[in-house]
Structures are given as structure tokens and as C-alpha cells.
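Colleague: I would like to see how this sequence folds:
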Amino acid sequence: MQKEADSPIRVAMITYDWYPFDVLVRRMSTAAQRAGCEITVICVRGDATEPAYEVLDGVRVYRLSQRRIVGRSLLATVLSWMSFMVNARRLLNALHRELPFDVAHAHNMPDFLVFAATGVKRRGVKVILEVQDVTPELMAAKAHGLTRRVLFWLAALQERASTAYAD
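Modeller: Below is the predicted model of the structure:
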């Protein structure tokens, strides 16, 4: 199926952060929307008062009921990231069936959030990984000794796999 020349580019942004409070994601989505793109953001919910869905300045925002974990153990953080990735993937696939995306734009951390786009990439959607933080160095800073070296190696491995997966 060929995209019509006058139809807008449809972009899904995925972030393990709050929207519109993540300044980079907000500015990128607003700029793209003003340039004529249709933007959908999938993010975490800040608190129970935030709606699960709303349109802010022309940007469709879907908030998953999962809360963002801050300041907890590394294991709890990684498990939360993984859970968010799986839930974001489900929502992204469902939204793509309704109104197909042209681009899926994942914002790190974590880098592996890019794999939330596996289903839509198989359908021809281009995938971008926005690297805002260097994951291996940040993960290594949370440990010492052998654990530090292992964390750095694992984080570097997933960073390489994530960047290789992105278009």
C-alpha cells in the first residue's frame, strides 16, 4: 500500500517518562506536529489524576497505567522498564491497526524500549532510537567491583543491540 503524497507523516513516540513534562519529547512532538505530522505519544502516567488519553496541543497522548519508578533498586527499575516496553508494544500495535504509523520514535532510557516497535517494524514502520543518556555508564555507576563490570558489559550489549535494531 502506497502512502498518498498529501497525507501527513504519522509518528508514534514512546517514552518511559511523563508527558508533557519531559521537555525534549514535548518539544520534538510539538515541532513535528506544527510541521504537519500527526503525533501520538505513549508514556507513563504521572498520577491517578492524569487522563489515560487526551490531546494536548494537537498531540495524542496515551498514558499507560504503570507508574514510573524513580530511586528504587536497579532490579525494580529494569523490571519496570520491561513491563512498560511490553505494554507500550501492545498499545502501539493496537493503535497501528487503527491508524497506521510511518515512524516509531523510542526515547531512551532504556535503550531497549526500541523493541516496543517490533510488531510495527515488521509492517514497514521506520524505527528511531533517541539516545538521550548513555546507559552503560549510568548502570555502572550504580554498582562496584565485579558487579559494576558485569552491569557495564550487559548495558553496552543491550545498547549495541538496540541501536542496531533501529533504522
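Colleague: just the pLDDT at M1, thanks.
Modeller: Reading off the per-residue confidence, M1 sits at a pLDDT of 44.
Colleague: also the one 5 residues further on?
Modeller: As summarised for this prediction, D6 has a pLDDT of 77.
Colleague: next one: it from Q33, what distance?
Modeller: 17 Å (CB to CB, to the nearest Å). Where C-beta positions appear, they are placed from N, C-alpha and C, glycine not excepted.
Colleague: neighbour count winner among these two?
Modeller: Legend: neighbour count by other CB atoms under 10 Å for D6 and Q33, higher for Q33 (18 against 6).
Colleague: against C43, how distant is that one?
Modeller: 16 Å.
Colleague: how about P51?
Modeller: Distance check for P51 against C43: by CB to CB, it reads 12 Å.
Colleague: same check, this time on F84
Modeller: 9 Å.
Colleague: give me the common contacts of the two.
Modeller: Counting by CB atoms under 8 Å, 6 or more residues apart in numbering, the common neighbours of F84 and C43 are 16, 64.
Colleague: quick check: closest non-adjacent residue to Y62.
Modeller: What sits nearest to Y62 in space, not counting adjacent residues and going by CB to CB, 6 or more residues apart in numbering, is I42, at 5.0 Å.
Colleague: right, and that neighbour touches A12 too?
Modeller: Yes: between I42 and A12 there is a contact under CB atoms under 8 Å: 6.5 Å.
Colleague: residues shared between the contacts of those two?
Modeller: 92, 95.
Colleague: where along the chain do the strands fall?
Modeller: Ranges of strands within the chain are 10-15, 38-44, 53-56, 59-64, 103-107, 126-130, based on DSSP state E.
Colleague: now the helices for the chain?
Modeller: Taking DSSP state H, the helices of the chain run over residues 23-34, 74-98, 118-121, 135-140, 145-165.
Colleague: could you report the neighbour count for the nearest residue to V61 once chain neighbours are set aside?
Modeller: Leaving out its chain neighbours, the residue that sits closest to V61 by CB to CB, 6+ apart is V41, at 4.9 Å. A count of nearby residues for V41, using other CB under 10 Å, gives 25.
Colleague: again, but for W81
Modeller: Number of residues near W81 (other CB under 10 Å) recorded here: 19.
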